[in-house]
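A.B. asks: build me a model from this:
(chains A and B)
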Amino acid sequence: MIVHINHVQPGRAEFTSSVVSALLSLLEQGHVDPEVLSYLNVHIDWVQYKTNFREPILLRRVYRDETLLPLTEIAVDLRQIQPENLRESLATVLRCANPNGVMPARVYLESYTPMRASIIWAFNQVFWQHLLIWEHASGKGYEKALPSGQSDGHNPEAIADSVHEFWERLRDLESRKLLPPEIYVLEIGVGTGERANRWLDGFLALDQEKETQFYPKLRFLACDYSEVTLHRVMESIHRHKHLATFVEVNAMDPFRSLQHLRYKVLLITLSNVYDNLPTDELVLRDGRLFAVEVRAYISTPEVARICEKYQVSAGEFKATVDQLLTAGPETLFSTLEQGVGFWRDVWAGVRLEERLVAVENLSEAHLPVGVKPSHIEGLISNAPSNIRFHVSSGAAESFISTIQLLHPRGYLQVQDIFVEKLTDYLHSFRGPGKLDGSLVNWVNGALLAEVGKQTGYDVHFAPFRYRKGSRTSILYTTQRE
Amino acid sequence: MSLPILPTGVVGSYSMPGWLERLKTEYLLRRISRQELDEIHDAAVKAAIKDQEVAGVDVITDGELRRDNLVDYFVERLPGVQIDRASKKFYYDFYESTVRGKMPVASLGLVPDFKFLMANTERAAKFCVTGPHSLVKRIRNEYYKSEEEFALDLAKTLNLELKELVRAGLRHIQIDEPYYSGFPEDLPWGVKIINTLVDGVDAKITLHICYGNRYGKPTWAGNYRYLFPAILDAHVHQLSLEFARRGGEDLDMFKEFSSRFEVGVGVIDVKDHTVESPDLVAERIRNAAAFVKPDRLVIMPDCGCLHLPQPVAFAKLQAMVQGAKIVRKEIEGR
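C.D. replies: Numbering: from 1, shown residues only, chains lettered A, B, ... in the order given. Below you'll find the model as predicted:
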């Protein structure tokens, strides 16, 4: 058995040792089959998100295709586990790990699948489609659910700096007679339109102050996947409406809708978009690569409780969840209140089982569109031999699609939560977590940097210095010569 | 070797296979030997030659598959230029290179690569060199007082090399100057340097000026108006320009400024993986022919096919050849 301590959480040393102690005591008492013991890896983590998809103690099996391999993992979340039932919980999972061990009773919502294809993303989509209903039921706006209680996306100082940097770029291009006749600026994921409005106000003011006549050449594209959002933004930026275009785009493939702007856009901004896009995860174990597959479930007792509360028969539970995800909460019961209550209870109960599947050949792995085996090889070439990291499938696809729109002298600016170095994954859990009714994952910035390097852009990260304690950072690209 | 009206050609590079990229990097990391890499290059070049021949291209190259990028092939050979071998981790990256003293004039030793091309094809063969203006933008200058002065010495060295290549049988030379479009203010001295470079070189000289193709995307944007009238003083026979991706709106300059140049008109967008139809190619040729007499047109891609997957590059070259045939037939039928 190998014990991996994957956290550096202050004040948890004693509890960590009590986990190890309980583990050794159970081994001593013969709770683990000797065959299992020789291939057992125990990972002790600190899961950052208070609400997430993991049980306090989790068993992971390992497969090559559908063949079970002897390597077995147990993951312990120090944050969730309670000292008083630590020993019993460990004993239960160790029993499951033994040959012929029986898993606890669970109602599965899907079969094993790569994480990006999991049903949890359908829940995420329902949340954004019915945000107002959810907010009404919870009695607070989405931003209040953020760890800081506010979004860094429309911080006035950050926006002012963004305006200044862009204006400087334009002035430089103009001085070298390289300024195009039309100045395209694109914001993807415009949300309320507050950021767009502040940015445009700031740009107009600066342009007037400096008398540079850039504003009349501006062509601002406000992009979002939601038509409702775009209508709201039209109102928010009505002062600048004459130079704005509102476009429905898929954040994972903006190029599809905007290909007529290939190589024309001088500035593309995104704020808090990448962390809400589907992701996969890869794991290195003793230098060998595995993909994480997941299977969403709710414990059988929890399903029984929900069914009783909403008077749904056990046999109809899965169909009711499917209806929630396809038709929305308002279609489930006679009152909207019941529908939203069911939705919230189900979401609270959703957990993920995990298994690792050996990746024998990267070129046959299901990598995000545009991500080549060489990107992953470059990323892990100097990685520690045991590490788990995001592939950030949605973010990578979005990045690759978006940079095709950039003018040769243009740049991309993304505000989000980035893991800047792969080794940062060693010491902290980075999602997925539940954020109100939505999903959140940190974004593998190191992978984006590798992808950028091989596609002609250097990727840099700057700390978000506008709010103390912010975990946000700003990714920006420069042309790679 | 006589060529038809509207002859087809390539700009230089051909599709770089993924496996070759990996092996070039393996060599860089010292996992395979120079001899092994040379053998690999020979095989890849033969395949590139065959593809161009089968596609029906009239003037072909070796696909430039021995080169890591447009600069290092020359920088590694230029006398007096020091390179930091540790500065490059991926084959496509540029070496950090520096000139710290006056460059001596000496051979670069490119003749064997040209002879290999000649030995493996019956077609008209072209050899491309990166021009002095582009090279001075990539080599750190710690000696010369100006870029122009540095470029002049580079031109003298490259001139010697071109003459050696001509002695070895080279008839078609292409000079690549993609950095003009990023530094249009350099053009007046850039043209003088070109004239030094080609002085006494007895071959057909093409000057290729694009907006960059690094990583398969443009490095610059704008239009070719900046070239005129300065470029008219260049002692070259042909200008190769990209029009497929950008559209042909600045072709009218060839009417506005009466020039003696042939025009290598880009009819294939090498930054887009969608394969053009022969009809679209023909339309682009007809469009160019409205501004430049057909007997002075050469049909080419916008730039090298380096970043295109092989099936795409091959299909694009086939479409280019077919498109040229369509218009050729129209002209011959008049």
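A.B. asks: rest of the way, CA atoms for contacts and neighbours
C.D. replies: OK.
A.B. asks: chain A contacts on chain B?
C.D. replies: With Cα under 8 Å from any Cα of the partner chain as the criterion, chain B meets chain A at residues B:214-222.
A.B. asks: buried subset of these?
C.D. replies: B:214-221 (16 or more other Cα atoms under 10 Å in any protein chain shown).
A.B. asks: what's the most distant pair in those?
C.D. replies: Taking Cα to Cα, the two most distant members of these are B:Tyr215 and B:Ala221; they sit 15.3 Å apart.
A.B. asks: where does chain B dip in pLDDT?
C.D. replies: By pLDDT under 70, the weakly predicted segments of chain B are B:1.
A.B. asks: and the helix or strand B:Val54 falls within, what other elements does it pack with?
C.D. replies: For B:Val54, the host element (DSSP states H and E) is helix B:34-55. For helix B:34-55, the packing partners by 3 or more Cα pairs under 8 Å, 6 or more residues apart in numbering or on different chains; DSSP states H and E come out as helix B:18-28, strand B:59-60, helix B:310-332.
A.B. asks: okay, now A:Asn276: neighbour count?
C.D. replies: Neighbourhood size, A:Asn276 [other Cα atoms under 10 Å in any protein chain shown]: 22.
A.B. asks: was I right about it contacting A:Gly437?
C.D. replies: No: distance between A:Asn276 and A:Gly437: 11.5 Å, which falls outside the contact criterion (Cα atoms under 8 Å).
A.B. asks: from one end of stretch A:361-380 to the other, what's the distance?
C.D. replies: 14 Å (Cα to Cα, to the nearest Å).
A.B. asks: that one: which residues count as buried?
C.D. replies: Residues A:367-368, A:370-371, A:374-376, A:378-380 are the ones in stretch A:361-380 that count as buried (16+ other Cα under 10 Å).
A.B. asks: tell me if it is near chain B.
C.D. replies: No: using Cα under 8 Å from any Cα, stretch A:361-380 never reaches chain B; the gap is at least 8.6 Å.
A.B. asks: which outside residues touch that stretch?
C.D. replies: For stretch A:361-380, the surrounding residues in contact (Cα atoms under 8 Å, 6 or more residues apart in numbering or on different chains) are A:359, A:393-394, A:396-397, A:400, A:422, A:446-447, A:450-451, A:454.
A.B. asks: in helices, which of these fall?
C.D. replies: A:393-394, A:396-397, A:400, A:446-447, A:450-451, A:454 (DSSP state H).
A.B. asks: which of those come close to chain B?
C.D. replies: A:Gln454.
A.B. asks: quick check, nearest of the ones in helices among the contacts of stretch A:361-380 to chain B?
C.D. replies: Using Cα to the nearest Cα, A:Gln454 comes nearest to chain B of the ones in helices among the contacts of stretch A:361-380, at 7.4 Å.
A.B. asks: residues in contact with the closest one?
C.D. replies: Taking Cα under 8 Å, 6+ apart, one finds A:375, B:215 in contact with A:Gln454.
A.B. asks: separation between the closest residue to B:Lys88 other than its chain neighbours and A:Ala449?
C.D. replies: Nearest residue to B:Lys88, sequence neighbours excluded (Cα to Cα, 6 or more residues apart in numbering or on different chains): B:Tyr95, at 5.5 Å. B:Tyr95 sits 20 Å away from A:Ala449, going by Cα to Cα.
A.B. asks: does A:Asp345 touch A:Ala304 like I think?
C.D. replies: No: using Cα under 8 Å, A:Asp345 makes no contact with A:Ala304, being 11.7 Å away.
A.B. asks: pLDDT below threshold where in the stretch 1-150 of chain A?
C.D. replies: Looking at the stretch 1-150 of chain A by pLDDT under 70, you get A:8, A:142-150.
A.B. asks: which parts of it are strands?
C.D. replies: Taking DSSP state E, counting those that start in this stretch as the criterion, the stretch 1-150 of chain A carries its strands at A:2-5, A:40-45, A:57-64, A:67-77, A:106-108, A:113-114.
A.B. asks: list the strands paired with the fifth one, with their directions.
C.D. replies: Using DSSP bridges, the neighbouring strands of strand A:106-108 in the sheet come out as strand A:288-299 (antiparallel).
A.B. asks: one more: the second one?
C.D. replies: According to DSSP bridges, strand A:40-45 has the following sheet partners: strand A:2-5 (parallel), strand A:67-77 (parallel).
A.B. asks: tell me which of those strands sits nearest to B:Gly131.
C.D. replies: Between those, strand A:2-5 lies closest to B:Gly131; by Cα to Cα that is 56.4 Å.
A.B. asks: what does that closest one contact?
C.D. replies: Strand A:2-5 has contacts (Cα under 8 Å, 6+ apart) with A:40-45.
A.B. asks: for the stretch 1-150 of chain A, which segments count as helices?
C.D. replies: In the stretch 1-150 of chain A, the helices defined using DSSP state H, counting those that start in this stretch lie at A:13-28, A:34-37, A:86-97, A:120-129, A:131-138.
A.B. asks: which one, of those, ends up nearest to chain B?
C.D. replies: helix A:120-129 (31.5 Å).
A.B. asks: dump that closest one to PDB, restricted to CA.
C.D. replies: Output of helix A:120-129 as PDB, limited to C-alpha atoms (Å, rounded to 0.1, in the frame of the first residue of the first chain):
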ATOM      1  CA  ILE A 120     -24.000  16.600 -14.500                       C
ATOM      2  CA  TRP A 121     -23.500  18.900 -17.500                       C
ATOM      3  CA  ALA A 122     -27.200  18.600 -18.300                       C
ATOM      4  CA  PHE A 123     -27.900  19.800 -14.800                       C
ATOM      5  CA  ASN A 124     -25.600  22.700 -15.400                       C
ATOM      6  CA  GLN A 125     -27.400  23.600 -18.600                       C
ATOM      7  CA  VAL A 126     -30.800  23.400 -16.900                       C
ATOM      8  CA  PHE A 127     -29.500  25.800 -14.200                       C
ATOM      9  CA  TRP A 128     -28.500  28.500 -16.700                       C
ATOM     10  CA  GLN A 129     -31.700  28.000 -18.700                       C
END
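A.B. asks: list the buried ones in it?
C.D. replies: Using 16+ other Cα under 10 Å as the test for burial, helix A:120-129 gives A:120-121, A:123-127.
A.B. asks: what residues does that helix touch?
C.D. replies: Residues from elsewhere that reach helix A:120-129 (Cα under 8 Å, 6+ apart): A:134, A:278, A:296, A:325, A:328, A:347, A:437-439.
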